[in-house]
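> Fold the stuff below for me.
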Amino acid sequence: MKTLIPINQRLFCLMAVQLLTMAAFAQETVVSPSSLERKRLDLQEQKLELHKKQLDLEQQQLVLERKMLEVATARRALQVEETATSVTMKLEGDVLFDFDKAVVRPDAERLLEKVAIVLGEFPEGKVTVEGHTDSKGGDKVNLDMSQRRADAVKTWLVKKKSVPEKMISTQGFGETRPVAPNTNTDGSDSPEGRQQNRRVQITVEK
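All right, here's what the predicted structure looks like:
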C-alpha cells in the first residue's frame, strides 16, 4: 500500500525544487566582477581600434585631397588641353633646352615634374612625346634635333620620375608641323612664331 504524502508537504517539496532551480539558474547567469572587467576592456579595445581606423581614413582623405590639388595646379601651369580621349601638354623648347642643345636644363625640371604629376592620372595611358623645331637650319638637322629632344624628355621622365619606359614613345617632326608662321607676311623673320614652333608636345591617350 502506497504511502500518501500530504498536499501541503508535496507543495512544500515542489516549492523547494523550484527555489533550488531558480538559485542554480541565477548562479549560472550571474556575471562575476572579473568577467565584467574583461568585457569592459574588450569594449575599450574595440573603441580604440575603431578610432584608429577613423584616423587612417582621415589620413587617406588628406593624401587624396593633396594629390588632387597637385594635379589641378600642374594642369593649370601646363595649360593642359583635354578631350574625351586624350590630354595634351605643349612645352616651349626654349624653356626646356639651351639653344641648339638636347639636354634638359636643370631649371626646367620643375616643369617636367608637373608633367609627371599629370601622367600619374593615367597609369594605363599611352604617352607620345613629339619634338618640333622652327625652320632655321636644314631639314635633316632639324629632324635629328627634334628627335633627340623628344628622347631627352622621355629619358628624364623614366629616370627621374619612374614613368614606365614602355608606356612612352617618341617622334621627331623637325619643322614639318609648325603651329605659327616662321616669317611675317612681308617675308621678315618672326621670332615669336619661331619660338612657338620650337616645342615638345606630350599627348596621353586615355
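
> which secondary element of the chain has the worst mean pLDDT?
Every helix and strand in the chain was compared by mean pLDDT, DSSP states H and E; the lowest is helix 7-29, with a mean of 56.

> what packs against the next helix or strand after it?
Once the chain leaves helix 7-29, the next helix or strand it forms, by DSSP states H and E, is helix 33-78. Helix 33-78 sits against helix 109-119, with contacts defined as 3 or more C-beta pairs under 8 Å, 6 or more residues apart in numbering; DSSP states H and E. All C-beta spots, glycine's among them, are computed from the backbone N, C-alpha and C.

> Other residues contacting the helix it packs on?
For helix 109-119, contacts defined as C-beta atoms under 8 Å, 6 or more residues apart in numbering pick out 70-71, 73-75, 77-78, 80, 87, 89, 91, 95-96, 104, 125, 127, 153, 156-157, 160-161, 163, 202, 204.

> In PyMOL, how would I select the buried members of the residues you listed?
To isolate the buried subset of the contacts of helix 109-119 in PyMOL, counting by 16 or more other C-beta atoms under 10 Å, use the following:
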select buried, resi 71+74+75+78+80+87+89+91+96+104+125+127+153+156+157+163+202+204
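
> and the contacts of helix 109-119, which of them are in helices?
Counted as lying in helices by DSSP state H, out of the contacts of helix 109-119, are 70-71, 73-75, 77-78, 95-96, 153, 156-157, 160-161.

> between those, which is closest to residue 188?
Using C-beta to C-beta, residue 95 comes nearest to residue 188 of the ones in helices among the contacts of helix 109-119, at 24.9 Å.

> Need the nearest residue in space to that closest one, chain neighbours excluded.
Leaving aside its sequence neighbours, residue 95 sits nearest to residue 108 (C-beta to C-beta, 6 or more residues apart in numbering; 5.7 Å).

> what's the spacing between the one you found and residue 141?
22 Å (C-beta to C-beta, to the nearest Å).

> what's the answer for residue 32, then?
As judged by C-beta to C-beta, residue 32 and residue 141 stand 92 Å apart.

> quick one: which of these two has more around it?
Neighbour count, other C-beta atoms under 10 Å: between residue 32 and residue 141, residue 141 has more, with 14 against 8.

> Now the more buried one: which helix or strand?
Using DSSP H and E, residue 141 falls within helix 139-161.

> May I see the buried residues of that helix?
For helix 139-161, by 16+ other C-beta under 10 Å, it's 142-157.

> list the helices and strands that helix packs on?
Where contact means 3+ C-beta pairs under 8 Å, 6+ apart, helix 139-161 is packed against helix 93-96, helix 109-119, strand 126-132, strand 168-172, strand 199-205.

> Looking at these, which is nearest to residue 63?
Of all those, it is helix 109-119 that lies closest to residue 63, at 14.1 Å by C-beta to C-beta.
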